[in-house]
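Chemist: Need the 3D shape of this:
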Amino acid sequence: MAALLQPGSAMTLYHTLSARSFRVLWTLHEMGISDQCKLVTMPFPPRVFVKEYMKLNVLGTIPFFMDQGGKVKMTESCGIPKYLVEKYGPSSLEVKPSEDDWPAYLNWIAHADATLTFPQTVVLRYTLQEKGRADNAATDYGKWYIARLRLLDSVLEDGREFLCAGRFTLADICIAYALELGISFGFDKQYKPQTKSYLDRMMSRPAYKAAKDHQDASAAAFQEAQSKL
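Modeler: Residues are numbered from 1 along each chain as shown. Coordinates of the predicted model:
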């Protein structure tokens, strides 16, 4: 099993299907550098099904990203994309401090995980992983997520194609992932028309589709290798 988790010579992304680490994988594909990163797609949750993973990442969480021969180790799905564009750019995905929308860009990236993804992780835990233990919490946090979409809904009312800077940026990757996660719980049925249309546009991007194909192939390869152990 240790061999399956061996990091690559440069970048390595430890991932599970459509987890928050997908933000990182999508960024790699948008930047055109996915071939420079080894992708390890494990079954979820890896701390249960791939216990050796805990030796690499003591948190047992996804994502876990390594670079520069292990000198760089990161665990935050909205932080790693920022590292990528700043380290391996220049990239149009990054909004610079000199641009008017830089504050909005930073805010959307933080908003994506702290405000829109967090409540859904509570729903995930108590509807799929520990069903019956805290049903009220799952229901309440689902309502919280929908309520917290108000900011996004209001900003998209003006018909803009992207969230900020008049172009596709990391803000869109981070926010779109949170919206996509909501599909798993049927929350998309409550999305406002402008928000649903925005998500559809983001999910139609070639790099998004390539990242989906990449993770599927990676998961299949890991499963096949694991079965031979």
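Chemist: Need the residues that contact the helix or strand of the chain with the lowest mean pLDDT.
Modeler: Sorting the helices and strands of the chain by mean pLDDT, DSSP states H and E puts helix 135-147 at the bottom, at a mean of 86. Outside helix 135-147, the residues within contact range by Cβ atoms under 8 Å, 6 or more residues apart in numbering are 116, 119-120, 122-123, 125-127, 182, 185, 187, 190. (C-beta placed from N, C-alpha, C; glycine too.)
Chemist: Report the two of the residues you listed separated the most.
Modeler: 125 and 190 (20.6 Å; Cβ to Cβ).
Chemist: This structure: helices as residue ranges?
Modeler: For the chain, applying DSSP state H gives helices covering 22-31, 46-49, 53-56, 79-88, 102-111, 118-124, 135-147, 150-156, 170-183, 193-203, 206-227.
Chemist: centre of the chain versus the third one, how much separation?
Modeler: So that's helix 53-56. In terms of Cα atoms, centre = their mean, to the nearest Å, the centre of helix 53-56 is found 20 Å from the chain centre.
Chemist: so residue 148 sits right up against residue 115, yeah?
Modeler: Yes. Counting by Cβ atoms under 8 Å, residue 148 touches residue 115, with 5.1 Å between them.
Chemist: show me where pLDDT drops low in the chain?
Modeler: 1-2, 128-135 (pLDDT under 70).
Chemist: that older thread, so which of residue 148 and residue 115 has more stuff around it?
Modeler: Neighbour count, other Cβ atoms under 10 Å: between residue 148 and residue 115, residue 115 has more, with 19 against 16.
Chemist: ok, now how distant is that one from residue 107?
Modeler: 10 Å (Cβ to Cβ, to the nearest Å).
Chemist: Next: residue 181.
Modeler: Going from residue 181 to residue 107 by Cβ to Cβ gives 20 Å.
Chemist: and those two? which has more neighbours close in?
Modeler: The residue with more neighbours, out of residue 181 and residue 107, is residue 181; 22 against 16, by other Cβ under 10 Å.
Chemist: need the contact list for that one.
Modeler: Shown in contact with residue 181 (Cβ under 8 Å, 6+ apart): 18, 117, 120.
Chemist: Let me know the distance separating it from residue 18.
Modeler: From residue 181 over to residue 18 the distance is 8 Å, taken as Cβ to Cβ.
Chemist: Residue 187 now?
Modeler: Taking Cβ to Cβ, one finds residue 187 at 15 Å from residue 18.
Chemist: Residue 26 now?
Modeler: For residue 26, the distance to residue 18 equals 11 Å [Cβ to Cβ].
Chemist: what about the two, which has more around it?
Modeler: The neighbour count for residue 26 versus residue 18, taken as other Cβ under 10 Å, is higher for residue 26 (28 against 17).
Chemist: show me the contacts for that one.
Modeler: Neighbouring residues of residue 26 by Cβ under 8 Å, 6+ apart: 173, 177, 207-208, 211.
Chemist: Nearest to residue 152 among these?
Modeler: Nearest to residue 152 among these, with distances taken as Cβ to Cβ, is residue 177, at 12.9 Å.
Chemist: surely the closest one meets residue 21?
Modeler: No. The pair residue 177 / residue 21 is not scored as a contact, 9.7 Å apart, by Cβ under 8 Å.
Chemist: what do the two both touch?
Modeler: Common neighbours of residue 177 and residue 21, counting by Cβ under 8 Å, 6+ apart, are residue 77.
Chemist: what sits against residue 169?
Modeler: Residue 169 is in contact with 92-95, 105, 162-163, counting by Cβ under 8 Å, 6+ apart.
Chemist: what about 7 Å?
Modeler: Shown in contact with residue 169 (Cβ atoms under 7 Å, 6 or more residues apart in numbering): 93, 95, 105, 162.
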